[in-house]
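Enquirer: Just the structure for this:
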Amino acid sequence: MSEFDDFDVEVQDERDSDPEHFNGDVTTAGSPETVTPTSGKAVQLAFIQCNSTRDPVNDNNINDALYFSIDGGTTYVTLMAGENIFVPGVFTSIKLDTNTNGTYYQIIVWS
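Expert: The predicted structure is shown next:
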């Protein structure tokens, strides 16, 4: 009988992940942009933030909204200026859109 040393697949996946940080802005409202890990691996967890109105370098207006999609742009979730979210799951990329040209974001993905 082979031995199994209580190997936790989830912990191993986190150890083997390559986090990447993306900063930028969605240049044109209505023209979605795509964020894809350079590792070529699927995203396992993403932190997505619509920059706040108080960001010292790249601040957004109080009415700026960041729309993100993990299903290729079929459906979008809205984050207003200053809001953020952790998104678990397995997906290949994140599509970003906005209601105002030049809405700033920060994203960290673990793949």
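Enquirer: pretty sure Leu79 is in contact with Ser52, am I right?
Expert: No - the pair Leu79 / Ser52 is not scored as a contact, 10.9 Å apart, by CB atoms under 8 Å. Backbone N, C-alpha and C define where each C-beta goes, glycine included.
Enquirer: so how far is Pro56 from Leu45?
Expert: 27 Å (CB to CB, to the nearest Å).
Enquirer: Those two: which is more packed in?
Expert: Legend: neighbour count by other CB atoms under 10 Å for Leu45 and Pro56, higher for Leu45 (17 against 6).
Enquirer: For that one, which non-adjacent residue is closest in space?
Expert: Trp110 (4.5 Å; CB to CB, 6 or more residues apart in numbering).
Enquirer: and the gap between the one you found and Ala29?
Expert: Applying CB to CB, the value for Trp110 to Ala29 is 29 Å.
Enquirer: between these two, who's got more neighbours?
Expert: The neighbour count for Trp110 versus Ala29, taken as other CB under 10 Å, is higher for Trp110 (19 against 16).
Enquirer: what's the distance between Thr74 and Phe91?
Expert: 12 Å.
Enquirer: if you count what's nearby, which of these two comes out ahead?
Expert: Phe91 (17 against 8).
Enquirer: pretty sure the more buried one is touching Pro37, no?
Expert: No - using CB under 8 Å, Phe91 makes no contact with Pro37, being 10.4 Å away.
Enquirer: what is in contact with the two at once?
Expert: Val43 (CB atoms under 8 Å, 6 or more residues apart in numbering).
Enquirer: For the protein, just list every one of the helices.
Expert: With helices called from DSSP state H, the chain shows them at 9-15.
Enquirer: so where's it uncertain?
Expert: 1-16 (pLDDT under 70).
Enquirer: repeat that for 80
Expert: Scanning the chain for pLDDT under 80 picks out 1-17.
Enquirer: which residues touch the closest residue to Asp71 other than its chain neighbours?
Expert: Among residues not flanking Asp71 along the chain, Phe91 sits closest, at 7.4 Å (CB to CB, 6+ apart). Each residue near Phe91 by CB under 8 Å, 6+ apart is listed here: Ala42, Val43, Ile70, Asp71.
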